[in-house]
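# Provided below for reference: sequence and predicted model.
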Amino acid sequence: MSDGQRLIIAVDGPSGSGKSSVCRAVAGQLGAAYLDTGAMYRAATWYCLAQGVDLDDEQAVAVAVEELPLKISTDPEHQVVMVGSTDVTGAIRETRISERVSEIATNRPARALLISAQRRLIDESGYIVAEGRDITTVVAPDAQVRVLLTASAEARLRRRGLQLGGTETAEALKRQVIDRDTRDSTASNFTEAADGVAVLDSSDLTFQETVDTLIQRVHQVSAEPLSTPSAGASRGESR
Ligand SMILES: Nc1ncnc2c1ncn2[C@@H]1O[C@H](COP(=O)(O)OP(=O)(O)OP(=O)(O)O)[C@@H](O)[C@H]1O
Ligand SMILES: Nc1ccn([C@H]2C[C@H](O)[C@@H](COP(=O)(O)O)O2)c(=O)n1
């Protein structure tokens, strides 16, 4: 990327499709920043639970998310999530958070606050791979590269099982992957590609093949002449 050029790579997809691992690897190989927006919803959940906020109380959750002292790194090689002075990088991955995070994701005011924070982080970076559930459609719909990363339910359950070391029962995996997607899909559409969004089905691809396919897509798009310069580019921003 040359100075002054902006390139936003937006990736959405269901749980276990490989968004975090694939996007982190792609960002590392491209020398781009990386934003895990799911980690922001998880940190908000951790904070609300730590503060004893009733997650059914929409207003109380919104107030807590507004004051959330969140710092998230966008370095793909060094992912750290801080809430105030507490490092929650590991804690936000615990099952107790995975099982409650949809309650924050479906809270409209909380969602609006987190979306604004995500847009700021993307704008500050300028060259970034951002992944989640609504990046291609809501957070950065004018990203130059927009991809829906999918995989069959069978592949996603198998991958999540392996990722968790084979310790989870089939029922627990279903709760964490399929049931969470069902709840989250009431807040955003990450099962069908919106207009202009390319589908990358990784069901029969290895991890490296998936990374390579996404990088090819980025190279393909960045070789095309830019039709409409983004707002950031016109302000001369660069990484
Ligand atoms: N193409 C692939 N082939 C095999 N394994 C893969 C592939 N892509 C990702 N994985 C593995 O699947 C697991 C789940 O991937 P990852 O955590 O990146 O998914 P995710 O979409 O970010 O899930 P969530 O939204 O629930 O956080 C990881 O262990 C990852 O290494
Ligand atoms: N852009 C996003 C990102 C995430 N979420 C919600 C949905 C998930 O249940 C939760 C955690 O995400 P994960 O770490 O599993 O990718 O956050 C969302 O609604 N929108």
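Structure received. Ligands and ions are numbered 1, 2, ... in the order given.

# partner residues bridging Val199?
Beta-bridge pairing for Val199 (DSSP bridges): Leu148.

# tell me what whichever strand or helix holds Gln208 is packed against?
For Gln208, the element it lies in under DSSP states H and E is helix 207-223. In terms of contacts (3 or more C-beta pairs under 8 Å, 6 or more residues apart in numbering; DSSP states H and E), helix 207-223 is packed against strand 7-12, helix 19-30, strand 145-150, strand 198-201. Any C-beta I mention is one placed from the backbone N, CA and C, and that applies to glycine too.

# Kindly reformat the ones you listed as a markdown table containing mean neighbour count.
A markdown table is the format used below for those (neighbours: other C-beta atoms under 10 Å):
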| stretch | mean neighbour count |
| --- | --- |
| strand 7-12 | 26 |
| helix 19-30 | 21 |
| strand 145-150 | 24 |
| strand 198-201 | 16 |
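
# Export those as TSV, with columns for distance to Glu209 and mean pLDDT.
Formatted as TSV, those follow (distance: least, C-beta to C-beta, whole Å; pLDDT from 0 to 100):
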stretch	distance to Glu209	mean pLDDT
strand 7-12	16	98
helix 19-30	10	98
strand 145-150	13	98
strand 198-201	10	98
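
# out of the ones you listed, which comes closest to Val139?
Across the helices and strands packed on helix 207-223, Val139 has its closest neighbour in strand 7-12 (7.2 Å, C-beta to C-beta).

# Show me what the closest one is packed against.
helix 19-30, strand 127-132, strand 145-150, helix 207-223.

# May I have the predicted confidence score for the residue of the chain found nearest ligand 1?
In the chain, the residue that lies nearest ligand 1 is Gly18 (2.8 Å; C-beta to the nearest ligand atom). Note for Gly18: predicted pLDDT of 97.

# tell me the contacts of the closest residue to Gln59 other than its chain neighbours?
Distance criterion C-beta to C-beta, 6 or more residues apart in numbering; nearest residue to Gln59, sequence neighbours excluded, is Pro109 at 7.6 Å. Under the criterion of C-beta atoms under 8 Å, 6 or more residues apart in numbering, the neighbours of Pro109 are 58-59, 61-62, 65.
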